[in-house]
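Asks: Following is a predicted model, sequence given first.
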Amino acid sequence: MKKNDEKDQFLRIGTKIYKNSQRPDVHGEVRDVRIEWSVEAIRQDFGNDEARHIIDSMPKYDGEIPVPGHIDYKPIIGNWINSYKPLKYQPQKGVDFPHIRGLVKHIFGEQYELGMDYLQLLYLQPIQKLPVILLVSRKTDTGKSTFVHFLHEIYGDNAIHLTNNNLRSQFNSDWTRSLLIMIEETLMNRREDSEMLKNMVTAYNYQSEAKGKDRVGVQFFAKLIMCSNNEENPVIIEPEDTRFWVRKIETPKERDPRLMEKLTYEIPAFLHFLTKRNLSTQMEDRLWFRRDLIETDAWRSIVNGNRHNLEKQTLELCEDIMDSCQVGALYFCLNDLMNLLSYAGYKVERLQVKQMLQKKWQLSPSVVPNTYNTYLPDATVPERYSAEHRQGRYYTITQEFLHKLTV
């Protein structure tokens, strides 16, 4: 960079001076960066008189604010610098994008059009809240990482790769202003992890904190894409949770060592396609997609895998009684269920069972005591049950209710 050109690279943001520069990487490419500079360094490089002129004439801004935009990107908003980075790829009509189309089909399968909707919303409506994409597979070389790196190539510095510990850290200023947060080895199956992820997905503002600095509230528009080789419980997902879109990814039939290069070449055509494509869905949820549209067998597997042992035991017991006795509904008082669980070898406390029924499953006993038929273990025949006529305030579980719990 020539000395005269270098003079134009300085600017002040708030009370600090920065220098615009280009940092090369190992591939020979350069990326625009902004480096904190000092008045003394300018004086040393240009002399006092010239330094004074540079400082007086440099652009001055009140601060930085992240405002995502891809088609209508604005570098300056009022007297603030947009810290969201412009994309290096622009829509371009001309070529097809068979490799990108193949990757999207591989990742989203029968939900291909929904997957295209997600990618289109991400590009054209970056502030729109979207569900967490969770890609799972025990197998290796399935294409999960390829999909993640493909999105990182499109969105550049607006996407960030994190580890589980990065996401848990209180120091989060490096990712709270990102469009995409991507984790490739996800294992966040603690209850506090689940609450944090739920908050992130729906939050419009988030507390950002850097080392040695006070926490500040920032506008939050990040989307999470997570990958895991744990198909049963990489995260905690409740049955009523609409925040996760889980896809189980299989190994592709063919591997192409140059696939990433081909995907990159097709990005401009793909972006042009997204600007012209009609969405196959309309907004039916705060995360856009109606719950039943994005439910998958992989989602159900995690929901069932995350159930508390007591829930699993009770569900298995109810299913067993309904199948053995050929009935469509079960009636029982709390003591009846306690006896059944105890007979089956499950050690549980009465309060646990009551909380599961009333708080977790939202069941209430009958308002007044009535007669009912319950089922108790048959002492003469193992794994069989016999009906018994009783009276009390009983709970009711139907096959339809049981089906909802075992989705």
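Replies: Done, it's in.

Asks: Return stretch 15-23 as CSV; C-alpha atoms alone will do.
Replies: Output of stretch 15-23 as CSV, limited to C-alpha atoms (Å, rounded to 0.1, in the frame of the first residue of the first chain):
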residue,chain,number,x,y,z
THR,A,15,-13.2,7.5,21.0
LYS,A,16,-10.8,5.0,19.4
ILE,A,17,-8.8,5.2,16.2
TYR,A,18,-8.6,2.2,13.7
LYS,A,19,-6.8,1.4,10.5
ASN,A,20,-8.5,-0.5,7.7
SER,A,21,-6.2,-3.2,6.4
GLN,A,22,-6.1,-6.5,4.5
ARG,A,23,-4.9,-9.7,6.2
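
Asks: Contacts only, for L124.
Replies: 70-71, 274-275 (CB atoms under 8 Å, 6 or more residues apart in numbering). Quick note: C-beta positions are derived from backbone N, CA and C, even for glycine.

Asks: try M260
Replies: Per CB under 8 Å, 6+ apart, neighbours of M260: 146, 149-150, 153.

Asks: Next: I13.
Replies: Applying CB under 8 Å, 6+ apart to I13 gives the contacts 61-64, 81.

Asks: So how do I select the buried members of the residues you listed in PyMOL?
Replies: Only the buried entries of the contacts of I13 go into this PyMOL selection, using 16 or more other CB atoms under 10 Å:
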select buried, resi 61+81
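
Asks: Identify, from the contacts of I13, the entry nearest to L87.
Replies: For the contacts of I13, the residue nearest L87 by CB to CB is I81; the value is 17.0 Å.

Asks: Can I take it that the closest one is in a strand?
Replies: Yes: under DSSP: H, G, I helix; E, B strand; the rest coil, I81 sits within a strand.

Asks: My reading is that H106 lies in a strand. Confirm?
Replies: No: counting by three-state DSSP, H106 is not part of a strand but helix.

Asks: So what's the residue count around it?
Replies: Under the neighbour criterion other CB atoms under 10 Å, H106 is assigned a count of 21.

Asks: isn't it right up against T251?
Replies: No: the pair H106 / T251 is not scored as a contact, 9.8 Å apart, by CB atoms under 8 Å.

Asks: E153 and K262 touch, don't they?
Replies: No: the criterion here is CB under 8 Å, and E153 misses it with K262 at 11.7 Å.

Asks: What subset of the contacts of M260 is buried?
Replies: Among the contacts of M260, the ones that count as buried by 16+ other CB under 10 Å are 146, 149-150.

Asks: out of those residues, who's nearest R247?
Replies: The closest of the buried ones among the contacts of M260, once distances to R247 are taken by CB to CB, is T146, at 13.8 Å.

Asks: show me where the stretch 51-200 of the chain has strands.
Replies: Ranges of strands in the stretch 51-200 of the chain, per DSSP state E, counting those that start in this stretch, are 60-61, 63-65, 76-77, 80-82, 132-136, 159-162, 180-183.
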